[in-house]
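[1] Sequence unavailable; structure follows:
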């Protein structure tokens with residue numbers, strides 16, 4: 001379909017979304033137009049980690065604006081070709097960066113990343129414009145009427161959150177910083193800290209800043225190097241503990257006023273995780289390779305109990 005450096009990709013996204021909505025719009029009541037749309041400009045065009053592999057901040061800003069235009073075109077197409085009551089949004093990656101050193105250069109280095117990851121899609125979509133720090137990268141690509149078109153005001157806020165990432169300044173890096181190991185006092189999964197307190201703050205801050213929308217946590221989850229299956233199950237007590245902790249944080253936010261409608265665990269099965277392939281196992285169901293045999297994890301049974309009771313189940317006794 002082309003490249004996000006090309007403004008016409010937005011029109012093509014609208015054509016694609018219209019086709020999809022005409023096919024299933026009478027039966028699909030909830031839509032996520034993009035999954036983590038900020039990943040496209042940041043990792044594809046700014047940091048060069050994903051395809052097409054550019055390391056260019058001007059390209060990042062250009063792609064970011066065109067993603068926003070594509071998001072708006074898709075929203076318009078689905079709205080026009082779906083039934084009354086359909087709810088449309090995206091799964092926004094509310095990633096947070098932190099500078100544990102407290103040094104000013106490290107703190108400054110996270111401002112751009114926080115703005116692109118967290119605010120570069122959601123603020124324009126909710127009619128709040130681009131963060132000022134992003135304007136030098138996007139303003140030359142904004143045409144008359146763009147910002148009004150981009151301000152679609154999604155029907156709910158799809159929120160993906162896993163953890164904070166910790167950084168230090170590196171002027172030679174594409175985004176001005178390097179990701180570093182988290183503080184040693186934090187419990188962690190296979191690749192990131194367990195961070196229920198930040199999850200609570202993300203829910204509260206999002207709810208207040210975006211004018212009290214309905215929120216669905218469209219992703220949360222925990223990768224581990226799981227134990228080998230035994231007696232038809234995989235034992236994963238730490239994942240259960242972490243699920244329970246995030247549910248408790250979400251419930252606290254709900255009690256404190258957040259209009260939280262639900263939480264979706266990532267993922268049902270172990271998945272292919274971006275450029276990391278099969279190494280990170282997020283799933284509630286173990287997938288053997290190469291046979292692809294499915295084996296349930298104890299966390300599947302636990303999360304199932306939470307769903308059935310619409311609450312926070314007790315952790316199983318070991």
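    Looks like it arrived, so ask away. Given the structure is predicted, the values throughout are model-derived calculations rather than measurements.
[2] wait, isn't residue 261 in contact with residue 207?
    No. With contact defined as Cβ atoms under 8 Å, residue 261 does not reach residue 207; the gap is 11.8 Å. For every residue, glycine as well, the C-beta is placed using N, CA and C.
[3] and for these two, which residues touch both?
    Listed as contacting both residue 261 and residue 207 by Cβ atoms under 8 Å, 6 or more residues apart in numbering are residue 215.
[4] quick one: low-confidence ranges for the chain?
    For the chain, the stretches flagged by pLDDT under 70 are 318.
[5] mind listing the strands in it by residue range?
    Chain-ordered strands for the chain, with DSSP state E as the definition, fall at 30-35, 87-93, 96-98, 157-160, 164-169, 177-180, 215-220, 260-265, 285-287, 294-296.
[6] Next, report how far the next helix-or-strand element following the first one is displaced from the centre of its chain.
    Translated: strand 30-35. Elements were assigned by DSSP states H and E; along the chain past strand 30-35, the next helix or strand is helix 39. For helix 39, the separation from the chain centroid amounts to 9 Å (computed by Cα atoms, centre = their mean, to the nearest Å).
[7] I'd like to know which elements helix 39 is packed against.
    Using 3 or more Cβ pairs under 8 Å, 6 or more residues apart in numbering; DSSP states H and E, no helix or strand is in contact with helix 39.
[8] contact partners of that helix?
    Residues from elsewhere that reach helix 39 (Cβ under 8 Å, 6+ apart): 50, 93.
[9] ok, now stretch 14-25?
    Outside stretch 14-25, the residues that touch it by Cβ under 8 Å, 6+ apart are 1, 28, 33, 70, 73-78, 80-83, 86.
[10] Show me which positions of that stretch end up buried.
    Neighbour counts using 16 or more other Cβ atoms under 10 Å place 14, 17-18, 20-21, 25 of stretch 14-25 among the buried residues.
[11] Equivalent analysis for stretch 79-92, please.
    Under 16+ other Cβ under 10 Å, the buried positions of stretch 79-92 are 79, 81-82, 86-92.
[12] And the contacts of stretch 14-25, which two are furthest apart?
    The largest distance within the contacts of stretch 14-25, taken as Cβ to Cβ, falls between 1 and 83 and amounts to 26.9 Å.
[13] how about the helices in the stretch 201-318 of the chain?
    With DSSP state H, counting those that start in this stretch applied, the stretch 201-318 of the chain shows helices at 237-255, 298-309, listed in chain order.
[14] Determine which stretch of those helices is the most buried.
    Most buried of these by mean neighbour count (mean count of other Cβ atoms under 10 Å) is helix 237-255; its value is a mean of 19.
[15] Could you pick out the longest helix of the chain?
    Looking across the chain with DSSP state H, the single longest helix is helix 57-80.
[16] Any idea what the residue minimising distance to the centre of the chain is bridged to?
    In the chain, the centroid-proximal residue (Cα atoms, centre = their mean) is residue 93; its distance is 2.5 Å. Listed by DSSP bridges, the beta-bridge partners for residue 93 are residue 160.
[17] In contact with it, which residues are there?
    For residue 93, the contacting residues are 36, 38-39, 117-118, 160-161, taking Cβ under 8 Å, 6+ apart as the criterion.
[18] Would you mind checking those for buried ones?
    The buried subset of these (16+ other Cβ under 10 Å) comprises 36, 38-39, 117-118, 160-161.
[19] any idea which of those residues is the one closest to residue 316?
    Comparing those against residue 316 with Cβ to Cβ places residue 161 closest, at 25.3 Å.
[20] Could you pull up the contacting residues of that closest one?
    Residues touching residue 161, when contacts are defined by Cβ under 8 Å, 6+ apart, comprise 93-95, 198-199, 202, 217, 219-220.
[21] Quick one: these as CSV, columns for distance to residue 257 too.
    Listed next are the contacts of residue 161 as CSV, based on distance: Cβ to Cβ, whole Å:
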residue, distance to residue 257
93, 24
94, 18
95, 24
198, 18
199, 16
202, 15
217, 16
219, 23
220, 20
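[22] Nearest to residue 122 among these?
    Distances from residue 122 to the contacts of residue 161, taken as Cβ to Cβ, are shortest for residue 94 (8.1 Å).
[23] ok, the closest one touching residue 159?
    Yes. Residue 94 is in contact with residue 159 according to Cβ under 8 Å; the separation is 5.5 Å.
[24] hey, what's in contact with both of those two?
    Listed as contacting both residue 94 and residue 159 by Cβ under 8 Å, 6+ apart are 202, 206.
[25] what residue of the protein is the furthest out?
    Taking Cα atoms, centre = their mean as the measure, the residue most remote from the mean C-alpha position of the chain is residue 231, 34.8 Å away.
[26] Next up, phi/psi of that residue, please.
    For residue 231, the backbone dihedrals (degrees, to the nearest 10) come out as phi 60, psi 40.
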